[in-house]
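**Student:** Starting from these lines, generate the structure:
(one chain, ligands or ions: 1)
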Amino acid sequence: MPERTIPVFDGHNDTLTKIRRGGPDSQQSFLERSELGHMDLLRAREGGLAGGFFAIFTSSPGYEWVVGELLDRDGEVVSGGWSVPLPPKLERRIATSWTLSVMSDLFRLEAESDGELEVVRTVADLQRCLAEGTFAVILHIEGAESIDRNLEALDVFYEAGLRSLGPVWSRPTIFGHGVPFDFPRSPDTGCGLTAAGARLVRRCNELGVLIDLSHLNEKGFWNVARISDAPLVATHSCAWSLCPTPRNLTDEQLDAVGESDGVVGINYAVGFLRADGNESGEVVTPVTEIVRHARYVVDRIGVDHVALGSDFDGATIPDDLGDVRDLPRLIEAFRDAGFEEKEIEQIAYRNWIRVLEQTWRA
Ligand SMILES: [Zn+2]
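**Tutor:** As a prediction, the model looks like this:
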C-alpha cells in the first residue's frame, strides 16, 4: 500500500517572475496547466505542494547571467571553480515599478483562482488554508531595492500583504551586501549591513516581517543575528561544509540559526548541493543530494531547524525531480534515508509554521 502523501510547504520559488515574463497567457496557464518551468497550480496539487513563499525579484535591465572562470588572488584560474559577475545596484524606480506589477499579477491570480489560491497574512490564515486544501502563498520580496531609506514603502507593502523580505538579492542595496555566485568561496565577502539596513531589520521585527538571510553575506548575517529579535531564517540555502558556495551557510551560521530557533530551507539548486559545485545541469544530480544536506543540518542543529526551500522556477534542480509533481520522490528519499514520518512532516511543513508563529505578529 502506498504511504500517505505528506504535504510540502516551500520556502522559496521564482514562479511569479516566470509568470510576469511570460505575459498574460502565462498567468492563465498557471491556474490551468502549463508545461512551462517547474510549477503551476495543478502540478503543485499533484505533487502535494500546499503552498510556499513566492518571491518578487527584479532583474537588472540588460543583465545577463554568464558563468565564467573563477580567478584566485594571483589571477590564476581556479580549476573546477566558477564565477558569475553581478550587476551593480539597481535603481529604486525600476524595482518599484516591477514589484508593483508582479504584486498585481499575484492578486489577480488570487482573485481569478475561485478560492483555490490565497495570499496569507497570518498564521491562522495559513493553517486554515492547509486544513482546507487552499494553496497558500506568502508574499516575499527578494532584494529590497523597491524600499526607500525611510522605509515608507515597507509599511505600504506590509499593508498589501508582504510578510517576508530579503534585504538583498546578491547585488548590493542601500541596506547591505549580498554574496557573489562564485564556487568555491567563503560567504565572508565584504562589509555588513548599512545603518539603513539595521533600521530595516528593526522595522521588520516591529511589523512581524520575516527577514530572509539567504543571499546576505556573512557580516550581514551576523549583523541581523545581533539586531533581530526573531528566529534566524535562510529560506533557500544549504550547508557550506558540503558545498562551499557563499550562498550556503557555514557551520557557525547553522549553529546560530539553531540557537535562535530558526530554520534553513534546503535549496534544490544543483550548484548549491553538489560537492563539486557543478551548476551546469550537464551531470546527473540525484534527489538524494537534497536529503544529504538535510541530514547534515539535522545532525548539526536538530530536526526542528530544517525545512525545504526549492528555488522552483529559479534554478536547475536534481534530474529525478523533473518538476513539482515529483515531490513525493523527495519525501520517499527522506524515508529511504531513515527519517521518521514525524521528522519528515517537520521538515516538509511544520517547522515553517512554527517559525512563522514566532515571527509574524498574528
Ligand atoms: Zn534566491
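**Student:** Can you name the residues that contact residue 295?
**Tutor:** residue 337 (Cβ atoms under 8 Å, 6 or more residues apart in numbering). In short, each C-beta sits where N, CA and C put it, glycine included.
**Student:** following the helix or strand hosting it, which helix or strand shows up next?
**Tutor:** Residue 295 is part of helix 288-301, with elements assigned from DSSP states H and E. Using DSSP H and E, the helix or strand that directly follows helix 288-301 along the chain is strand 306-308.
**Student:** What strands line up against that following strand, and which way round?
**Tutor:** If you go by DSSP bridges, strand 306-308 pairs up with strand 263-266 (parallel).
**Student:** So for the strand it pairs with, mean pLDDT?
**Tutor:** For strand 263-266, the mean per-residue pLDDT is 98.
**Student:** Contacts for it, please.
**Tutor:** The contact list for strand 263-266, computed with Cβ under 8 Å, 6+ apart, reads 10-12, 214, 231, 233-238, 249, 254, 257, 290, 293-294, 297, 304-309, 351-352, 354-355.
**Student:** Buried residues in it, which are they?
**Tutor:** Within strand 263-266, the residues scored as buried using 16 or more other Cβ atoms under 10 Å are 263-266.
**Student:** Can I get it as CSV, trimmed to CA atoms?
**Tutor:** Only the C-alpha atoms of strand 263-266 are listed here, as CSV (Å, rounded to 0.1, in the frame of the first residue of the first chain):
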residue,chain,number,x,y,z
VAL,A,263,15.1,27.3,10.2
VAL,A,264,17.1,26.6,7.0
GLY,A,265,15.1,25.8,3.8
ILE,A,266,17.2,23.4,1.9
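**Student:** Following the chain onward from it, which element is next?
**Tutor:** Helices and strands here follow DSSP H and E; after strand 263-266, the next one along the chain is helix 270-273.
**Student:** From the contact counts, what lies against that following helix?
**Tutor:** With contacts taken as 3 or more Cβ pairs under 8 Å, 6 or more residues apart in numbering; DSSP states H and E, helix 270-273 sits against helix 288-301.
**Student:** now with 10 Å?
**Tutor:** For helix 270-273, the packing partners by 3 or more Cβ pairs under 10 Å, 6 or more residues apart in numbering; DSSP states H and E come out as strand 181-183, helix 288-301.
**Student:** in the helix or strand following the shortest one, what counts as buried?
**Tutor:** Next helix or strand after strand 181-183 toward the C-terminus (DSSP H and E): helix 195-207. Judged by neighbour count using 16+ other Cβ under 10 Å, the buried positions of helix 195-207 are 196-201, 203-205, 207.
**Student:** ok, now stretch 178-198?
**Tutor:** 178-185, 187, 189, 192-194, 196-198.
**Student:** about what we covered before: turn the helices and strands packed on helix 270-273 into a markdown table, columns for mean pLDDT.
**Tutor:** What follows is those, written out as a markdown table (pLDDT from 0 to 100):
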| stretch | mean pLDDT |
| --- | --- |
| strand 181-183 | 96 |
| helix 288-301 | 98 |
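**Student:** quick one, which of these is nearest to residue 167?
**Tutor:** Closest approach to residue 167 among these is made by strand 181-183 (17.6 Å; Cβ to Cβ).
**Student:** and the closest one, how far out from the chain's middle?
**Tutor:** Put simply, strand 181-183 sits 18 Å off its chain's centre (Cα atoms, centre = their mean, to the nearest Å).
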